[in-house]
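Asker: turn this into a model:
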Amino acid sequence: MSDEAQRQAAILQIRSVADREGAVIPLDAASYLAGLEVDEREREGLLMRLIAYASLRNEDISLSLVKSVVARVLEEAAADDPIVH
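Answerer: Below is the predicted model of the structure:
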């Protein structure tokens, strides 16, 4: 499968999971998540965290919210990394 086909499949999966959870994720936000170099399990975990965060803040999911949540998750992961770069 080509990179573009994999990205499109990831976008469909993201939107399907969001729909199943009762959330709406715009195409640009789903595309951003699909472009992250993480495995499918990590991507779904990010999506679930994003949906929960948006719900708690009573916000719609947007590209800016996705970028903010992803940045926060990556910062937390870096803080937990025992290897100092």
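Asker: per-residue pLDDT, Glu75?
Answerer: At Glu75, the pLDDT value in this model is 86.
Asker: so what does it look like in phi/psi?
Answerer: With angles defined as degrees, to the nearest 10, Glu75 sits at phi -60, psi -40.
Asker: just list the residues touching Asp60, thanks.
Answerer: 24, 54 (Cβ atoms under 8 Å, 6 or more residues apart in numbering). Just so you know, the C-beta spots here come from the backbone N, C-alpha and C atoms, and that holds for glycine as well.
Asker: so it, which state does it fall into?
Answerer: coil (DSSP: H, G, I helix; E, B strand; the rest coil).
Asker: tell me how far Ala9 lies from Tyr32.
Answerer: Distance of Ala9 to Tyr32, computed by Cβ to Cβ, to the nearest Å: 16 Å.
Asker: again with Ser55
Answerer: 19 Å.
Asker: what's the answer for Gln8, then?
Answerer: Taking Cβ to Cβ, one finds Gln8 at 14 Å from Tyr32.
Asker: the more surrounded of these two?
Answerer: Tyr32 (17 against 14; other Cβ atoms under 10 Å).
Asker: wait, the more buried one touches Val66, no?
Answerer: Yes: Tyr32 is within contact range of Val66, at 5.4 Å (criterion: Cβ atoms under 8 Å).
Asker: measure how buried the residue nearest to Leu33 when sequence neighbours are not counted is and give me the count.
Answerer: In space, and not counting its chain neighbours, Leu33 is closest to Ile14: 5.4 Å by Cβ to Cβ, 6 or more residues apart in numbering. Burial of Ile14 is recorded as 24 neighbouring residues (other Cβ under 10 Å).
Asker: what's downstream of the helix or strand harbouring Ile14, the next helix or strand?
Answerer: Assigned by DSSP states H and E, Ile14 belongs to helix 3-20. Sequence-wise, the next helix or strand downstream of helix 3-20 (DSSP H and E) is helix 27-34.
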